[in-house]
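# quick one: sequence and predicted model below, then my questions.
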Amino acid sequence: MRHRLTVNLENHTIDRSDLPEEAAWLGGRALLDSILLAEVPPTCHPLGPYNKVIIAPGLFAGTTMPTAGRLSIGAR
């Protein structure tokens, strides 16, 4: 099972949860986009409190494949 870490800068907490089954086989930009679409409103201000910065590893992170250590970083 793949996990997700959520860092809340407002109350200084870190939460670890399992990814939903439909997102477990996504990686990189696909994982980033699925989280943004599900959790950030489309009219969210870029510097507003409801926006999120997401750092998503690629699907093959942790393997010996070339470019497996690539990360995708995104926000709305």
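Ah, there it is.
# distance across stretch 9-28, terminal residue to terminal residue?
Length of stretch 9-28, first residue to last, CA to CA, to the nearest Å: 23 Å.
# quick check: buried residues in it?
The neighbour-count check on stretch 9-28 (16 or more other CB atoms under 10 Å) flags 19, 23, 26, 27, 28 as buried. Glycine gets a C-beta too; all of them are placed from N, C-alpha and C.
# between these, which is nearest residue 62?
residue 27 (10.9 Å; CB to CB).
# element containing the closest one, please.
Take DSSP states H and E as the rule and residue 27 turns out to sit in neither a helix nor a strand.
# which residues does the residue lying closest to residue 27 once chain neighbours are set aside contact?
Computed as CB to CB, 6 or more residues apart in numbering, the closest residue to residue 27 that is not its neighbour in sequence is residue 59, at 3.0 Å. When contacts are counted by CB atoms under 8 Å, 6 or more residues apart in numbering, residue 59 touches 25, 26, 27, 28.
# poorly predicted segments of the chain, please.
Within the chain, the segments meeting pLDDT under 70 span 1.
# quick one: the helices in it?
Along the chain, counting by DSSP state H, helices occupy 29-39.
# out of the contacts of residue 59, who's nearest residue 68?
The nearest one, if we look at the contacts of residue 59 relative to residue 68 and count by CB to CB, is residue 27, at 9.9 Å.
# I'd guessed that closest one sits against residue 58; true?
Yes: assessed by CB atoms under 8 Å, residue 27 is found in contact with residue 58 at 4.7 Å.
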